[in-house]
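Below are the sequence and a predicted model; questions follow.
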Amino acid sequence: MKEGRGSRLKLAWAEGYKFAALAGEILRFSYDLAYMTGRGFIPKETFDSFKEKTGLRNFFWRLYYNKTAFQSPREALLYARGQVVFIHGWDGNGEIWEALPLMVCQAEPRLISLVPDVNGFGRSQFSEFLPDIDKCSPKGCIAAVELWLRLMGLRRNRPTIFVGHSMGGASLFYKPATGWKRGEYALCALAPALLHRDAIRKGFYQSLGIGIWAGAVMELVDKMQELIAPLFIQELIQDASKTVKKIHLREFSRTPNGTLAQTFFALGAAPEVPRRTRWDAFRVILGHKDRLVGLEPMLEYLEELGFNSKLIKVTLGDHYFFSVGRKTPPNHRLNRAMVLETILELYEWCRENFRR
C-alpha cells in the first residue's frame, strides 16, 4: 500500500486537521481521513486501500501535544521523542480516556498522545452494517491501528507506547513484533477483555452479541437497548464517571447493531491464542471487582502466557478503575496516577532499550 506523498517524511497532512482546541498548555487537534482525502492531504487511492484492508469507511483520531515544546502539529509529529497511542474498548470512543492523554503531555512535554476511534465505533465506523468478524476482533483492531500508523508516517524511529482498555487492551496481546525493534514499543493493557480461560464471561459476551443481532433482525432494537444499555452501564461499569457512561449510552444508540453484535461476539469467541515469546515490555493492570473481566481467571491466564508478578498490577476498582469524575470512588484518582506512572515507566524502558 502506497503512503501519501509527504506523509512519510514531511508529514504535510498535519495541517489538514478538522478541529482544534486548547486546554491550558495542551493543544488538541482532530483528524479525519475522509475529510483529509477530500481536501487533497491524502491520495484517494491510499484512502481506498485503507478502507479495503480494514473494512472501515473512515478513521478519526486526536493529537495532543504541549505548546511549550512544539509550535505546530507538524513540528510535534516530526520531533516528539515518543508517542502514546490510546486504544479504547467496545461501545466507546477516544473520549473515554478523559484527561489521561493530556496528562501524558503535561508530565513529559516532548511526548505526544494519539487517540483514535477504533473498531467501528465513534467516527471510525465500518462500511458494512454487518462487518466481517475478523475485522471486529481484537486482532483486527490492532491491525487497523498499525496500518494507520504506517499510512500516516507515524513510525518515526522513536518509542511508541500502546495503551489499551478492555477490547483495546485485548488487542495489544495480538500486536505483532515483526518489523519493530526491541525497545521501539511497549504495551500497557488496562482491564483487557482476554477471555480464553473464562468460560462464563465468554458465554456472556457471545450471547449478548447474538442477542443484539437478534434484536435488530426481529426489529426489537428499542427493546434490546432498554435491556442491554442499563445492564452494561449501571451494572458492569457502575463506578465510571458520568462522562464515560454518557459516551457509552451515546455510542450504543449511534453504532449500527451489526457492529455492536459482531464486536461483542468476537470478544467472547476469542478463537486465537496470543503468541509472544517475550513480555518484558508489557504491563497489565486489573481492577479487583471488574465484572466484565474476571480477576482470578485473568491472573491464571496471564501466568499461563508467561507473565510474572512484576508485570501485573491489581488495584481497587471495577472495569473503569482509572475513570475520574465528581462521584467516582476516591481510589480512581490514585489509579489514574498509577496508570500515568506506568506509561512513563514504559517510555523510560523504551529509551533504555531502543537501538536506533
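Everything's here; your move. Numbers count the residues shown, from 1 in each chain.

Using CSV, write out every CA atom in whichever strand or helix holds residue 313.
Assessed by DSSP states H and E, residue 313 sits inside strand 312-315. Only the C-alpha atoms of strand 312-315 are listed here, as CSV (Å, rounded to 0.1, in the frame of the first residue of the first chain):
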residue,chain,number,x,y,z
ILE,A,312,0.9,-7.2,36.7
LYS,A,313,-0.8,-4.7,39.0
VAL,A,314,-4.1,-5.3,40.7
THR,A,315,-5.9,-2.2,42.0
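
could you say what helices and strands the helix or strand that comes right after that strand packs with?
Going down the chain from strand 312-315, the next helix or strand is helix 331-353, by DSSP H and E. Judged by 3 or more CB pairs under 8 Å, 6 or more residues apart in numbering; DSSP states H and E, helix 331-353 is in contact with strand 82-87, helix 100-107, strand 160-165, strand 185-190, strand 282-287, strand 312-315. Every C-beta, even on glycine, is put in place using the N, C-alpha and C of the backbone.

Just list what the helix or strand where residue 262 lies packs against, helices and strands only.
Here residue 262, judged by DSSP H and E, is contained in helix 257-269. Using 3+ CB pairs under 8 Å, 6+ apart as the contact test, the elements touching helix 257-269 are helix 133-136, helix 138-151, helix 167-172, helix 199-217.

For beta bridges, what are the partners of residue 314?
Applying DSSP bridges to residue 314 yields these beta-bridge partners: residue 286.

Tell me the spacing between it and residue 295.
7 Å (CB to CB, to the nearest Å).

With residue 29 instead?
Residue 29 is 38 Å from residue 295, by CB to CB.

Report the contact partners of residue 332.
239, 317, 320, 321, 322, 323, 324 (CB atoms under 8 Å, 6 or more residues apart in numbering).

and the gap between it and residue 244?
Counting by CB to CB, the separation of residue 332 from residue 244 is 11 Å.

Are there residues contacting both of those two? Which ones?
The contact lists of residue 332 and residue 244 share 320, 323, where a contact means CB under 8 Å, 6+ apart.

higher neighbour count, residue 29 and residue 295?
Just comparing residue 29 and residue 295: by other CB atoms under 10 Å the higher neighbour count belongs to residue 29, 21 against 14.

before we move on, what SS does the closest residue to that one other than its chain neighbours have?
Nearest non-adjacent residue to residue 29, counting by CB to CB, 6 or more residues apart in numbering: residue 17, 4.1 Å away. Of the three states, residue 17 takes coil under DSSP: H, G, I helix; E, B strand; the rest coil.

need the contact list for residue 17.
29, 30, 31, 63, 73.

Touching, the last one and residue 64? I think so.
No - when contacts are counted by CB atoms under 8 Å, residue 73 is not listed as touching residue 64 (10.0 Å).

quick one: common contacting residues for these two?
Applying CB under 8 Å, 6+ apart, one finds that residue 73 and residue 64 are jointly contacted by residue 27.

Have a look at the two and say which one is more surrounded.
Shown here are residue 73 and residue 64; by other CB under 10 Å, residue 64 has more neighbours (27 against 23).

now the more buried one: how far from residue 171?
The gap separating residue 64 from residue 171 is 21 Å, by CB to CB.

cool, and residue 311?
Residue 311 sits 18 Å away from residue 171, taking CB to CB as the criterion.

same thing with residue 336?
In terms of CB to CB, residue 336 sits 21 Å off from residue 171.

So between those two, which is more surrounded?
Per other CB under 10 Å, whichever of residue 336 and residue 171 has more neighbours is residue 171, with 29 against 20.

Now do the same contact list for the more buried one.
Contacts of residue 171 (CB under 8 Å, 6+ apart): 87, 138, 139, 141, 142, 145, 164.

you'd agree the fifth one is up against residue 177?
By that I understand residue 142. No - applying CB under 8 Å, one finds residue 142 not in contact with residue 177, separated by 11.9 Å.
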